[in-house]
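**Student:** okay, here's the prediction I keep looking at, along with the sequence it came from:
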Amino acid sequence: MGKAKWILGGLGFVLGGPIGAIIGVVLGSLFEGGSSWIGRLPGDEENQSQDSEQSYSDDSGSSQRATAGDIKISLLVLIACVMKADGRVLKSEVNFIKPFLVKTYGEDGAKEALQMLKKMLERDIDVAAVSRQIGRHVNYSTRLEIIHMLLDLANADGDFAAQEQEIIEQIAAAMSVTPRDYESLAAMYRKTKDPNWAYTALEIEPSASDDEVKKAYRRMAMKYHPDKVATAGEEIKQQATEKFRTINEAYEHIKILRGIK
């Protein structure tokens, strides 16, 4: 059980619901002791108090909490959903995930996380149920960056498989990410294919006035400022920083096209 402590310490909402069930079965198949891990480990109260938290209200209106640890585990489950969407796991996807796991869990923890990911890839996962659970417990800005990371994963080989795009769209919808916000995130991967990608990234039409372009840029820069996800963990904050740069790139691209000073 000691081997699993790195993943159990400081967790909140993921210990229940469909994500908790998946993790329980996976850990039960990897470590001795079956799935009896459910519940707090002795001494974990200290880990919980030190972990970053996001406050929100769930569907029942009760106050809940999402820790950085919750978000990391949620991402691991969603990563498995995307990797298996097209029926194959590519080397480019594995190479993309390994540095993320090392950065998230350290060298030792990354090995165990990779073992867990492999077990998740062998299981049928109710994508909608998992995504709804995350949507209820994670703030909107963090949900956007989760989708952003999944798009990065799907694009690891330089192109999107139709099945991967479909599953990410399902995840986004189940997490209550608006279609417009999803398209804004996806636009950055269409720079060479869509001449209007910059407008889509700023969530405006090419017919928008120069003043509307400027207002859209300020609105999007505020929406994707990294400070919005400061408590979600360094990995999510890096995703927000990347999106923030893309917003600036889109704005500069439109300014050049239009000759805006």
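**Tutor:** In hand now; what should we look at? Computed from a predicted model, the values in this text were never measured in an experiment.

**Student:** tell me where the stretch 1-150 of the chain has helices.
**Tutor:** Using DSSP state H, counting those that start in this stretch, the helices of the stretch 1-150 of the chain run over 5-8, 17-30, 44-50, 68-83, 91-121, 127-137, 140-154.

**Student:** just put these in a markdown table and tack on mean pLDDT and mean neighbour count.
**Tutor:** The C-beta positions use only the backbone N, C-alpha and C, and glycine is treated the same way. Converted to a markdown table, the helices of the stretch 1-150 of the chain look like this (pLDDT from 0 to 100; neighbours: other CB atoms under 10 Å):
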| stretch | mean pLDDT | mean neighbour count |
| --- | --- | --- |
| helix 5-8 | 60 | 18 |
| helix 17-30 | 86 | 19 |
| helix 44-50 | 36 | 13 |
| helix 68-83 | 89 | 24 |
| helix 91-121 | 83 | 16 |
| helix 127-137 | 94 | 21 |
| helix 140-154 | 90 | 22 |
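
**Student:** and the most centrally placed residue in the chain, how close does it get to Val138?
**Tutor:** Compute the mean C-alpha point of the chain, and by CA atoms, centre = their mean the closest residue is Ile146, 1.7 Å away. Applying CB to CB, to the nearest Å, the value for Ile146 to Val138 is 7 Å.

**Student:** identify the contacts common to those two.
**Tutor:** Taking CB atoms under 8 Å, 6 or more residues apart in numbering as the criterion, Ile146 and Val138 both touch Ile71, Ser74, Met175.

**Student:** what sits closest to the last one if chain neighbours are left out?
**Tutor:** Distance criterion CB to CB, 6 or more residues apart in numbering; nearest residue to Met175, sequence neighbours excluded, is Gly135 at 3.7 Å.

**Student:** how about Ser176?
**Tutor:** Gly135 (5.0 Å).

**Student:** next, Ile204: phi, psi?
**Tutor:** The phi/psi pair for Ile204 (degrees, to the nearest 10) reads phi -140, psi 170.

**Student:** quick one: it and Ala216 touch, right?
**Tutor:** Yes. Here Ile204 lies in contact with Ala216, judged by CB atoms under 8 Å, at a distance of 4.6 Å.

**Student:** do a quick rundown of the helices in the stretch 151-261 of the chain.
**Tutor:** Ranges of helices within the stretch 151-261 of the chain are 162-174, 179-187, 197-201, 210-223, 234-258, based on DSSP H, counting those that start in this stretch.

**Student:** winner for burial among those helices?
**Tutor:** Neighbour counts (mean count of other CB atoms under 10 Å) averaged over each of these peak at helix 197-201, with a mean of 23.

**Student:** distance from the chain centre to that helix, please.
**Tutor:** 21 Å (CA atoms, centre = their mean, to the nearest Å).

**Student:** now stretch 101-118
**Tutor:** 17 Å.

**Student:** how about the CA coordinates for that stretch, as CSV?
**Tutor:** This file holds the C-alpha atoms of stretch 101-118, laid out as CSV (Å, rounded to 0.1, in the frame of the first residue of the first chain):
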residue,chain,number,x,y,z
LEU,A,101,4.2,12.2,-15.7
VAL,A,102,7.8,12.8,-14.6
LYS,A,103,7.0,16.5,-14.1
THR,A,104,3.8,15.7,-12.2
TYR,A,105,4.9,12.8,-10.0
GLY,A,106,8.7,12.7,-10.0
GLU,A,107,10.8,9.9,-11.5
ASP,A,108,9.6,7.2,-9.1
GLY,A,109,6.0,8.2,-9.1
ALA,A,110,6.0,8.5,-12.9
LYS,A,111,6.8,4.8,-13.2
GLU,A,112,3.8,3.9,-11.1
ALA,A,113,1.6,6.4,-12.9
LEU,A,114,2.6,4.8,-16.2
GLN,A,115,1.7,1.4,-14.9
MET,A,116,-1.7,2.8,-13.8
LEU,A,117,-2.2,4.3,-17.3
LYS,A,118,-1.4,1.0,-19.0
